[in-house]
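S.K.: what's the 3D shape of this:
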Amino acid sequence: HGTGIEAVVGISNYDMVTEEHLVASLLAWQPEAMMIAGFDHTDTARAMLEASGVRIAELMDIDSRPIDVAVGLSHRRAGFDTGRHLLGLGYRRFAYIGHDWTADRRARLRYDGLVGALGEVGVAFSALALGTPPPASVFPTCLARRGTALLGRRAWWPGNRRGEEPEVPAPAEEAELMPV
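M.R.: Numbers count the residues shown, from 1 in each chain. As a prediction, the model looks like this:
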């Protein structure tokens, strides 16, 4: 027994021009509803979505005003809470390794929240690396800095529990770290 509803998936890889083409294509199907990642859309895609009369659920974020409905989390708050948690564990030296902010605004919001939490107690990053993906040599280089909380793809490096010193392989090349 079917519902008469079909799911159609389009993948933009966070490229807004690709998303715009997908939105136009999917709206041509006259869908009942659309789920779309985030709030960042081209002006044309936004205008199409707003004029469509279709229920629009923007997913993964609640830090902006949605076209219709937002389902997700506050990335700024997630970054802030992560910072507070790590500070509560006693970390005071931080290195940030993260996604390219131009490709994913949510990564920037998490960073901003983290900076806010650290700033409340006068702590700043000792190193910052951004990219897609970050250079492989960045992880071991940051780990080599004793007592540094490594933030990025994982909140903590596996096995790096408070009070333990992780095994650190020698970096294959000089890490591309930007002092902050």
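
S.K.: tally of neighbours for F125?
M.R.: 21 (other C-beta atoms under 10 Å). For every residue, glycine as well, the C-beta is placed using N, CA and C.

S.K.: for it, give its distance to V17.
M.R.: Going from F125 to V17 by C-beta to C-beta, to the nearest Å gives 32 Å.

S.K.: contacting residues around R84?
M.R.: Applying C-beta atoms under 8 Å, 6 or more residues apart in numbering to R84 gives the contacts A117.

S.K.: at 10 Å what do you get?
M.R.: By C-beta atoms under 10 Å, 6 or more residues apart in numbering, the residues touching R84 are 113-114, 116-118, 120-121.

S.K.: can you turn the buried part of these into a ChimeraX selection?
M.R.: With 16 or more other C-beta atoms under 10 Å as the criterion, this ChimeraX line picks the buried residues out of the contacts of R84:
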select :113,114,117,118
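
S.K.: what's the closest of the contacts of R84 to R55?
M.R.: G113 (29.5 Å; C-beta to C-beta).

S.K.: hmm, the closest one is touching H85, no?
M.R.: No: applying C-beta atoms under 10 Å as the test, G113 and H85 come out as separate, 11.8 Å apart.

S.K.: and the residue nearest in space to the middle of the chain, how close does it get to I5?
M.R.: Residue closest to the mean C-alpha point of the chain, counted by C-alpha atoms, centre = their mean, is A107 at 3.0 Å. A107 is 33 Å from I5, where distance means C-beta to C-beta.

S.K.: list the buried residues of stretch 35-46.
M.R.: 36-41, 45-46.

S.K.: mind listing the helices for this structure?
M.R.: 16-27, 43-51, 75-88, 105-120, 138-143 (DSSP state H).
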